[in-house]
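Asker: Got a sequence here, can you build the structure:
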Amino acid sequence: MNFKTGDKVVIIAGKDKGKEGSIKKVLKAENRVIVEGINVVKKHVKPNGQTAGSIEEREASIHASNVMLLDPKAKKATRIGHTVDKKGKKIRVAKKSNTNLD
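Answerer: Numbers count the residues shown, from 1 in each chain. Model prediction:
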């Protein structure tokens, strides 16, 4: 998976299509990401000794195929490519503007 925590992404499919946000967490094993303010669900929390029960709103994960990286220059959705820099290190680049993402 090419996404990292903190990347700005746009949702391309689902109920939140067209919305933008930054990635809070990447779940590599499940190929899913959690995006700030996207796919908000209500979670019922049971009471315990210290706190009362409540209904919380939190972000649920979304499949990585439903998000695209936001190009820093063009401010549009773009794919992620890889190149090797002068030192021989592999870096991520935006396909639309060939901008370095790391």
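Asker: Enumerate every residue touching His63.
Answerer: Counting by Cβ atoms under 8 Å, 6 or more residues apart in numbering, His63 touches Asn31, Arg32. Glycine gets a C-beta too; all of them are placed from N, C-alpha and C.
Asker: From Ile55, how far out is the residue sitting furthest away from the middle of the chain?
Answerer: When each C-alpha in the chain is compared with the mean C-alpha position (Cα atoms, centre = their mean), Gly49 comes out farthest, at 35.0 Å. Per Cβ to Cβ, to the nearest Å, Gly49 is found 19 Å from Ile55.
Asker: give the contact list for the residue sitting nearest the centre point of the chain.
Answerer: Central residue check for the chain by Cα atoms, centre = their mean: the C-alpha nearest the mean position is that of Ile23, 3.4 Å away. For Ile23, the contact set (Cβ under 8 Å, 6+ apart) comprises Phe3, Lys4, Thr5, Gly6, Asp7, Val9, Val33, Ile34, Val35, Glu36, Val67.
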